[in-house]
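Trainee: would you be able to build a 3D model of this:
(chains A and B)
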Amino acid sequence: MKPGLTVGETLRAHGVTRRGFLKYCAAITSLMALPPSSLKAVAAALEAARRPSVIWLSFQECTGCTESLTRSADATIEELIFNAISLDYHHTLQAASGAAAEAAREQAMHENYGNYLLIVDGSIPIADAGYSTIAGISNRDMLLETAAGAAAIVSVGTCAAFGGIPAARPNPTGAVPVSELITDKPIINVPGCPPIPVVITGVLVQYLTFGLPDLDAQGRPLAFYGQSIHDRCYRRPFYDKGLFADSFDDEGAKKGWCLYKLGCRGPTTYNACATAKWNNGTSFPIESGHPCLGCSEPDFWDTGSFYHALSTPTEAIGEAAVYAAGGGLLIGAAVGAVHQRHKRKAIESHRKVSLDDIDEGAAK
Amino acid sequence: MSERVVVDPITRIEGHLRIEAQMDGNRINQAWSSGTMVRGIEIILRGRDPRDAWAFAQRICGVCTLVHGLASVRAVENALDYPIPPNAQLIRNLMIAAQYVHDHVMHFYHLHALDWVDVVSALSADPNATSQLAQSISNYPKSSPGYFSDTRKKLKEFVDSGQLGIFSNAYWGHPAYRLSPEANLMAVSHYLEALAWQRDVARLHAIFGGRNPHPNFVVGGVPCPIDLNSDSAINSKRLSQVQSIIDSMRSFVDQVYLPDTLAIAGFYKDWSTRGEGTGNFMTYGDFPAEGMDDPGSFLIPAGIILNRDISQVHELDMHAADQIQEYVAHSWYDYRDGKQAGLHPYAGETELNYTGPKPPYAHLNVEESYSWMKAPRWKGKSMEVGPLARVLMLYATGHDQARELVDSTLRQLELPVTALFSTLGRTAARTLETKIIADMMQTWQDNLVANIRRGDTRTFNEGLWEPSSWPKEARGVGFMEAPRGALAHWIVIKDQKIDNYQAVVPSTWNAGPRDPQGQPGPYEAALQDNHVLHDPQQPIEILRTIHSFDPCIACAVHLTDPDGKEMLKVKVL
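Mentor: Residues are numbered from 1 along each chain as shown, chains lettered A, B, ... in the order given. Reported below is the predicted structural model:
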């Protein structure tokens, strides 16, 4: 492939058939919960694009978000970095170190100024510039410098999106999220500790294909954060029937009853765990017996013990309602009413793309 | 010529690490290792429910992902004298082992390999010759000429695109790369294979812990119940999935990781004479057959090896005030008794005081404090922890498989036993222990199935779950062998809350700075051992030795305390 060739041309040069390419597009379309009619647009966008430059900055982080990225089954990290993006700076994966690594970042910024996508994981400590440096540069300075030429920013993980664990009480280093320092660029928050693997790649593909996604009040893409885990949980019928596990190894736990009494934060947590699930659909925390920690919500570290039943009241669930509701109906109704709009949207968009749709899309 | 070579960021690691090396001509004379980021998780833990601690502690690191969560629940269980059911122990062993196999393979291919493997050289490989090479060292099925031809083609298209992405600006073509084009192509192919493989085997954590990274744990057992009659518990379907994953792990280690390590090592035997750390090694021990209170049942024993002498294993006491101590003479922290003091974690203090140069800076002031890592010592000695320490400990204590693997590896490479104490030895030890642990997974899986067959399905001990059942005050230590080495968390519980929390982690042992006596940490010592840089502008030699330790710096620099306020001083006892 010559410089400047498109993704579609590259794939064909790789020996990927038209049908194979469309299957890839269909997987992405399904993943993004887009209607089948979007398939053509996805394919067209991917075919037209030269691999866009992506710069990934890691600040106060644990690399869990990058690890999660590598677990994505659809699209995979290989598909992403070989076919969809040019990942020009990423500490954990890039071959170059030291001055050569910094030169790669500067070159990518220079060549793609105004057009590259900036991804950030980790919070930024502002109490002292010396709390976190890369190549002798403070995290704050590196963020400001790199953000200046970015088309948009994706804050991956709860630390970059909301401050996360470094910002948990008493926030020893004065950690802040990206959005507190950058106010003149579009920012997409992809929270989770870490985010679901396919949600990270799904958001990237959605951005690359359609531009900025619709976001909720927390800056999160509606396609993945539009529904509460509770509303989509396969254990929801037990909640509605008032059947709860009281301990980790009791009858209710074994039978898969609702984990509400063990502290599950599914009702107040907006994420795709119950639908997309984790690790190629293998499971998700509730399915493996542990209550949801609420890790895609702001300040989830500071809302009380994880094992106290619903210790995180929201505007949707008044405390009175929580304690009054022996069964689950009241709470379920309250959450449902507030988020009815999101739910309708999600139901419409959660149709899977079938092979027939692919053929139809290919024929168009 | 006497220049200072700086490598920052050290990439293909976890976290933020900076190396400065003072050159004597082209030879490294002095080296300094600096962790350049802090968060403060131990401070954040104070005052919280001890049952929640694992979730916080686990976020110390997302690469080691489960190890801090596990050390944390063990610390609480140790403090409360809280036994867990045998099934929970077996499931934890399986999860730790899966972490080893997953993490070590990813380290080898995705973090370390590009120090030895020239991606660009692979373009000129002959796929037929590559296939012959691959089949001569392994019965891995994906070794046909067509397979390697496809990989080469894919790589060529990628390079020709002019957008090299993660491979841009590396030291391709550096004379230190010595693999044949065919060996390079084989390794690049397995780089890609390993990406897909790791995604699949990480599912073991999702089965038992709901997700990976950051699977869930619970104090008192594991959160997943066992019920053969339930569709929402560990049942025969789940056990079959676990069995498939164990099979996949073992075959990848046997057919890809182990033969590749040996094949690549054969080209780099000169790296068996440089990169020794301090010659002292330490293990805390792990993988209990019975329980954490029965060290005799551990697969990996605890102990100390001094000055390369594996004929004698010294005893380690994690509670003794005069054994494990942390120093801050060259760290950005203060102690009340002055920067020369050494403190046991039970009496540990953490008071942050950044005295480094104002960013942006060109050089650290290495005469003073230069790292966010402390300098832990055992009886004043700098200790290496990790795969090499464990393999030496297994060898010293007569583990048959370890002896056989070490002996046959040295024989195959025609290297003396002293080759173990090197950059190459450290990397090889990681591969060998992966084989031992992957094989042991089958035993734990068999034992789990046998327990269930006998009717024992318990996974959680309800006994001490309610904080009202706890003593007013308790303290304990949770330790383990994390993939990167000996890890321990010390906890003090008072009035049902965390009164204090201290973690001393593997990469602090290995990557820490000098102590008050000026003794270097293992990274520093290793770089000062026989390192000549071919080109100081392309210091690939530094990367090789540093990566051989598998740095994990978020782990090592999690301590902090803002502004030196009294209320945030960490003090135990």
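Trainee: when you work out contacts or count neighbours from here on, use the C-alpha atoms and nothing else.
Mentor: Noted.
Trainee: near chain A, which residues of the stretch 251-400 of chain B?
Mentor: Residues of the stretch 251-400 of chain B lying close to chain A by CA under 8 Å from any CA of the partner chain are B:354, B:356, B:357, B:358, B:359, B:360, B:361, B:362, B:363.
Trainee: could you tell me the phi and psi values at the second one?
Mentor: Right, the one you point to is residue B:356. phi -70, psi 180 (degrees, to the nearest 10).
Trainee: that one: how many residues sit nearby?
Mentor: 18 (other CA atoms under 10 Å in any protein chain shown).
Trainee: leaving out chain neighbours, which residue sits closest to residue A:88?
Mentor: residue B:165 (4.3 Å; CA to CA, 6 or more residues apart in numbering or on different chains).
Trainee: roughly how far apart are the most centrally placed residue in chain A and residue A:197?
Mentor: Centroid check for chain A by CA atoms, centre = their mean gives residue A:190 as the closest residue, at 3.7 Å. Computed as CA to CA, to the nearest Å, the residue A:190 to residue A:197 distance reads 11 Å.
Trainee: equivalent analysis for residue B:107, please.
Mentor: 20 Å.
Trainee: just want to know which of the two has more residues nearby.
Mentor: residue A:197 (29 against 22).
Trainee: identify the residues contacting the more buried one.
Mentor: A:68, A:69, A:70, A:71, A:72, A:73, A:278, A:279 (CA atoms under 8 Å, 6 or more residues apart in numbering or on different chains).
Trainee: which one of those is nearest chain B?
Mentor: Set against chain B, the nearest of the contacts of residue A:197 by CA to the nearest CA is residue A:71 (4.8 Å).
Trainee: helix, strand, or coil at residue B:392?
Mentor: Judged by DSSP: H, G, I helix; E, B strand; the rest coil, the three-state class of residue B:392 is helix.
Trainee: just the element for the residue nearest to it when sequence neighbours are not counted, please.
Mentor: Nearest non-adjacent residue to residue B:392, counting by CA to CA, 6+ apart: residue B:310, 7.1 Å away. Using DSSP states H and E, residue B:310 maps to neither a helix nor a strand.
Trainee: what's the neighbour count on residue B:310?
Mentor: Neighbour tally, residue B:310, other CA under 10 Å: 17.
Trainee: same question for residue A:213.
Mentor: Neighbours of residue A:213 using other CA under 10 Å come to 18.
Trainee: same deal with residue A:110?
Mentor: 12.
Trainee: could you dump the helix or strand it falls within to PDB, C-alpha only?
Mentor: If you go by DSSP H and E, residue A:110 is part of helix A:98-111. This file holds the C-alpha atoms of helix A:98-111, laid out as PDB (Å, rounded to 0.1, in the frame of the first residue of the first chain):
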ATOM      1  CA  GLY A  98      12.900   8.100  25.600                       C
ATOM      2  CA  ALA A  99      13.700  10.900  23.100                       C
ATOM      3  CA  ALA A 100      12.600   8.700  20.100                       C
ATOM      4  CA  ALA A 101       9.200   8.300  21.700                       C
ATOM      5  CA  GLU A 102       8.800  12.000  22.300                       C
ATOM      6  CA  ALA A 103       9.900  12.700  18.800                       C
ATOM      7  CA  ALA A 104       7.100  10.400  17.600                       C
ATOM      8  CA  ARG A 105       4.600  12.400  19.500                       C
ATOM      9  CA  GLU A 106       5.900  15.700  18.200                       C
ATOM     10  CA  GLN A 107       6.000  14.400  14.700                       C
ATOM     11  CA  ALA A 108       2.400  13.100  14.900                       C
ATOM     12  CA  MET A 109       1.200  16.500  16.300                       C
ATOM     13  CA  HIS A 110       3.100  18.400  13.600                       C
ATOM     14  CA  GLU A 111       1.900  16.400  10.700                       C
END
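Trainee: pretty sure residue A:245 contacts residue A:264?
Mentor: No. With contact defined as CA atoms under 8 Å, residue A:245 does not count as touching residue A:264 (10.7 Å).
Trainee: neighbour count for the two, which is higher?
Mentor: residue A:264 (27 against 21).
Trainee: need the nearest residue in space to residue B:311, chain neighbours excluded.
Mentor: In space, residue B:311 is closest to residue B:396, 6.5 Å off (CA to CA, 6+ apart).
Trainee: ignore the last one, residue B:434
Mentor: Going by CA to CA, 6+ apart, residue B:434 has residue B:101 as its nearest residue, at 5.6 Å.
Trainee: next, count neighbours for that neighbour.
Mentor: 28.
Trainee: what does residue B:294 give?
Mentor: 10.
Trainee: now do the contacts for it.
Mentor: residue B:288.
Trainee: how much space separates it from residue B:447?
Mentor: For residue B:294, the distance to residue B:447 - CA to CA - is 18 Å.
Trainee: show me the shaky parts of the stretch 451-573 of chain B.
Mentor: Scanning the stretch 451-573 of chain B with the threshold set as pLDDT under 70 gives B:558-573.
Trainee: count of residues packed around residue B:175?
Mentor: 9.
Trainee: er, residue A:184 I mean
Mentor: Neighbours of residue A:184 using other CA under 10 Å come to 10.
Trainee: what does the one 5 residues further on give?
Mentor: Counted with other CA under 10 Å, the neighbours of residue A:189 add up to 27.
Trainee: check which element follows the helix or strand it falls within along the chain.
Mentor: For residue A:189, the host element (DSSP H and E) is strand A:187-190. Later in the chain than strand A:187-190, the nearest helix or strand by DSSP H and E is helix A:197-210.
Trainee: any idea which helix or strand comes after that following helix?
Mentor: Downstream of helix A:197-210 (by DSSP H and E), the next one is helix A:222-225.
Trainee: residue B:553 - nearest residue in space that isn't next to it in sequence?
Mentor: residue B:15 (4.6 Å).
Trainee: in the stretch 51-200 of chain A, what residue lies closest to chain B?
Mentor: residue A:64 (3.6 Å).
Trainee: isn't that residue up against residue A:192?
Mentor: No. Counting by CA under 8 Å, residue A:64 stays clear of residue A:192, with 10.1 Å between them.
Trainee: before we move on, the earlier item: pLDDT wise, what is the residue nearest to residue B:392 at?
Mentor: Looking at residue B:310, its pLDDT is 96.
Trainee: that one reaches residue B:391, doesn't it?
Mentor: No. Between residue B:310 and residue B:391 there is no contact under CA under 8 Å: 10.8 Å.
Trainee: which SSE is residue B:555 in?
Mentor: Going by DSSP H and E, residue B:555 is part of helix B:553-556.
Trainee: and for residue B:542?
Mentor: Going by DSSP H and E, residue B:542 is in helix B:540-548.
Trainee: centre of the chain to that helix, how far?
Mentor: Centroid separation between helix B:540-548 and its chain, computed with CA atoms, centre = their mean, to the nearest Å, is 16 Å.
Trainee: which strands and helices lie in contact with it?
Mentor: On a contact count with 3 or more CA pairs under 8 Å, 6 or more residues apart in numbering or on different chains; DSSP states H and E, helix B:540-548 meets helix B:423-453, helix B:522-527.
Trainee: which residues touch the one residue in the stretch 251-364 of chain A that gets nearest to chain B?
Mentor: Closest approach of the stretch 251-364 of chain A to chain B (CA to the nearest CA) occurs at residue A:285, with a separation of 3.8 Å. Shown in contact with residue A:285 (CA under 8 Å, 6+ apart): A:291, A:292, B:206, B:209, B:210, B:211, B:215, B:216.
Trainee: before we move on, back to that, the residues of the stretch 251-400 of chain B next to chain A: which two are farthest apart?
Mentor: The most widely separated members of those are B:354 and B:362, with 16.4 Å between them, by CA to CA.
Trainee: tell me the pLDDT at residue 10?
Mentor: Looking at chain A here, since you left the chain open. 57.
Trainee: oops, wrong one, chain B.
Mentor: 97.
Trainee: same thing with the one 3 residues further on?
Mentor: The predicted structure scores residue B:13 at 96 on the pLDDT scale.
Trainee: and what of residue B:152?
Mentor: So, for residue B:152, pLDDT stands at 98.
Trainee: low-scoring stretches of the chain, by residue?
Mentor: In the absence of a named chain, this looks at chain A. For chain A (pLDDT under 70), the answer is A:1-21, A:23-25, A:27-36, A:40-49, A:311-364.
Trainee: can you look at chain B instead?
Mentor: B:1, B:558-573.
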